[in-house]
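J.: no sequence on this one, just coordinates:
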């Protein structure tokens, strides 16, 4: 009976601790966005205090009843001394899964609270971008989206364009991986989980990283590689950051991409360059990213380049597209000057 009462008190403590956490996170990050300051998720204490031994007494609840313990009746015979028994490690019923046990170091209660914290962070970023209706960059900024399946060779071609046309290459995937590894990142754990599952990271996190990188660059020309990969990314970026000139789409058969990725995985050290993650990425591209290509194609804003040829032949075709782009821009400037 005493064990059941103790469990009830501990469950009540978890509820009292977790309830205000989400609002605390939202308030802190909203303040950070307004004051342009950085906030680390580490400043939040995510350790449920009720699980730390001999520190905090569990709060009393009106619905719980304390059961008095009767003192043992004294007898004339002195108590017999028993040899000390080794007590097993203390475990406690886990409030989020009664079938499991937890301790202060590895608790599934903590995992639940951590996921709640990450949800609060993503929700704050979502609110910020959803309520913006003005673009950060104007018409003097040139943005070209570079899309293609995993292993299509986007990075190789972007490196050539940077050298010949003065673009800044921004890889959405690289920015996410850097943020995941950055010490104190509030997005690191969330990004890591999405990348391992081959899923697309929430739009507002990726957009925030891209916008910050663009703001730090003195250039006005950007190749954004691997973005947008979902319709919500495309629409939000064009609404709040900048409109893209067109989509450079590298079309490549899945068999060719698979061969390239497996070869790259031997030396890249990337967690997503394994057969299981690659297959998930192919599915994600077909279901969510290719519709983005079709969306821009309806606006006549897609330039397709086949990637089955050698890298040099692919670049020759790509270079011709950009020569045409800048020639058209130069003619437009001349006409504007005449008028």
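T.: On my side now, so go ahead. Everything numeric in this text was worked out from a predicted model, so none of it was measured. Numbers count the residues shown, from 1 in each chain.

J.: Mind listing what's buried along stretch 225-237?
T.: 225, 226, 227, 228, 229, 230, 232, 233, 234, 236, 237 (16 or more other C-beta atoms under 10 Å). For glycine as for every other residue, the C-beta is placed from the backbone atoms N, C-alpha and C.

J.: And stretch 137-154, by the same measure?
T.: Of the residues in stretch 137-154, 137, 141-154 count as buried by neighbour count, 16+ other C-beta under 10 Å.

J.: same deal with stretch 315-329?
T.: Across stretch 315-329, burial judged by 16+ other C-beta under 10 Å covers 315, 318, 322, 325.

J.: Quick check: mean pLDDT of it?
T.: The pLDDT scores in stretch 315-329 average 92.

J.: now stretch 145-160
T.: Here the average pLDDT along stretch 145-160 is 92.

J.: let's have the chain start at 47 instead
T.: Got it, the first residue is 47 from now on, which makes the last one we talked about stretch 191-206.

J.: which residues touch the spatially closest residue to residue 331 that is not a sequence neighbour?
T.: Leaving out its chain neighbours, the residue that sits closest to residue 331 by C-beta to C-beta, 6 or more residues apart in numbering is residue 195, at 5.1 Å. By C-beta atoms under 8 Å, 6 or more residues apart in numbering, residue 195 lies in contact with 298, 300, 303, 328, 331.

J.: what about 6 Å?
T.: Residues near residue 195 by C-beta atoms under 6 Å, 6 or more residues apart in numbering: 298, 303, 331.

J.: go on, residue 351?
T.: 296, 363, 364 are the contacts of residue 351 under C-beta under 6 Å, 6+ apart.

J.: Try it again at 7 Å.
T.: By C-beta atoms under 7 Å, 6 or more residues apart in numbering, the contact set of residue 351 is 294, 296, 297, 360, 363, 364.

J.: mind checking the SS state of it?
T.: Using DSSP: H, G, I helix; E, B strand; the rest coil, the structure places residue 351 in strand.

J.: thinking again about what came up before, tabulate the contacts of residue 351 (TSV), appending distance to residue 247.
T.: Below are the contacts of residue 351 laid out as TSV (distance: C-beta to C-beta, whole Å):
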residue	distance to residue 247
294	22
296	21
297	24
360	28
363	31
364	27
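
J.: so what's residue 261 scoring on pLDDT?
T.: 95.

J.: Please, which helix or strand holds it?
T.: helix 249-262 (DSSP states H and E).

J.: Tell me which helix or strand comes right after that helix.
T.: Per DSSP H and E, the helix or strand that comes after helix 249-262 is strand 267-271.

J.: one step back: report the buried members of the contacts of residue 195.
T.: For the contacts of residue 195, buried by 16+ other C-beta under 10 Å: 298, 303, 331.

J.: Find me the pLDDT at the last one, would you?
T.: Per-residue confidence (pLDDT) for residue 331: 88.

J.: where does the chain have low pLDDT?
T.: Where the chain drops to pLDDT under 70, the residues are 47-179, 315, 317-319, 385.

J.: now the helices for it?
T.: For the chain, the helices defined by DSSP state H occupy 48-64, 67-81, 154-176, 200-211, 218-227, 234-242, 249-262, 277-286, 300-314, 321-330, 336-343, 357-384.

J.: which strands and helices sit next to the fourth one?
T.: Applying 3 or more C-beta pairs under 7 Å, 6 or more residues apart in numbering; DSSP states H and E, one finds that helix 200-211 makes contact with strand 188-194, strand 214-217, strand 267-271, helix 357-384.

J.: relative to helix 218-227, how tilted is that helix?
T.: Angle, helix 200-211 to helix 218-227, by axes from the mean of the first three to the mean of the last three C-alpha atoms, to 10 degrees: 110 degrees.

J.: Contacts for helix 200-211 next, please.
T.: Contacting residues not belonging to helix 200-211 are listed as 192, 194, 213, 215, 217, 269, 271-272, 296, 357, 360-361, 364-365, 368 [C-beta under 7 Å, 6+ apart].

J.: Please repeat the previous calculation with a cut-off of 6 Å.
T.: Contacts to helix 200-211, defined as C-beta under 6 Å, 6+ apart, come from residues 192, 194, 213, 215, 269, 271, 296, 357, 361, 364, 368.

J.: Tell me how this protein divides into domains.
T.: As recorded under automatic domain parsing, the domains making up the chain are 48-108+139-174, 185-384.

J.: Would you format the buried residues of stretch 271-283 as TSV with distance to residue 209 included?
T.: Formatted as TSV, the buried residues of stretch 271-283 follow (distance: C-beta to C-beta, whole Å):
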residue	distance to residue 209
271	15
272	20
273	21
274	25
275	26
276	30
278	33
279	28
280	28
282	31
283	26
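
J.: Closest to residue 289 out of those?
T.: residue 283 (8.7 Å; C-beta to C-beta).

J.: Any idea what residue 267 is bridged to?
T.: Beta bridges link residue 267 to residue 188, judged by DSSP bridges.
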